[in-house]
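Student: Would you be able to build a 3D model of this:
(one chain, ligands or ions: 2)
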Amino acid sequence: MSYKITDACISCGACEPECPVGAITAGDDKYVIDAAACIDCGACASVCPVEAPVQE
Ligand code: SF4
Ligand code: SF4
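Tutor: Residues are numbered from 1 along each chain as shown. Ligands and ions are numbered 1, 2, ... in the order given. Presented below is the predicted three-dimensional model:
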């Protein structure tokens, strides 16, 4: 299991510093999560203003 960021992302950047394993980076049109690095903690989802990170 890991989180992924949906197209709802507005690229605000709030989630990036909250990830304890540095799995979040800025992509071309939204932020992206490295699924191999994600430890499923949910911190990104808790700070996102538009609920873009979802568990998959
Ligand atoms: Fe990082 Fe946790 Fe979000 Fe995974 S769920 S991308 S580990 S903040
Ligand atoms: Fe995108 Fe949400 Fe992260 Fe902001 S906090 S960059 S809207 S996923």
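Student: Get me the contact residues on the protein for ligand 1.
Tutor: Within the chain, the residues that sit near ligand 1 (Cβ under 6 Å from any ligand atom) are 3, 18-21, 23-24, 33, 38-44, 53. Heads up, the C-betas are built off the backbone N, CA and C, glycines and all.
Student: Mind doing that once more with 8 Å?
Tutor: Residues of the chain lying close to ligand 1 by Cβ under 8 Å from any ligand atom are 2-3, 15, 18-24, 33-34, 37-45, 53, 55.
Student: from those residues, which ones fall inside strands?
Tutor: Counting by DSSP state E, the residues of the chain next to ligand 1 place 3, 24, 33, 53, 55 in strands.
Student: filter the residues of the chain next to ligand 1 down to the ones close to ligand 2.
Tutor: Restricting the residues of the chain next to ligand 1 to those near ligand 2 by Cβ under 8 Å from any ligand atom leaves 15, 24, 44, 53.
Student: Make CSV from the residues you listed and add neighbour count and pLDDT to it.
Tutor: CSV is the format used below for these (neighbours: other Cβ atoms under 10 Å; pLDDT from 0 to 100):
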residue, neighbour count, pLDDT
Cys15, 23, 98
Ile24, 24, 98
Cys44, 22, 98
Pro53, 26, 98
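Student: OK, contacts around the residue lying closest to Ala37 once chain neighbours are set aside?
Tutor: Sequence neighbours aside, Ala23 is the residue nearest to Ala37 in space, at 3.9 Å (criterion: Cβ to Cβ, 6 or more residues apart in numbering). Ala23 makes contact with 33-34, 37-39, according to Cβ atoms under 8 Å, 6 or more residues apart in numbering.
Student: And for Glu51?
Tutor: Residues near Glu51 by Cβ under 8 Å, 6+ apart: 8, 45.
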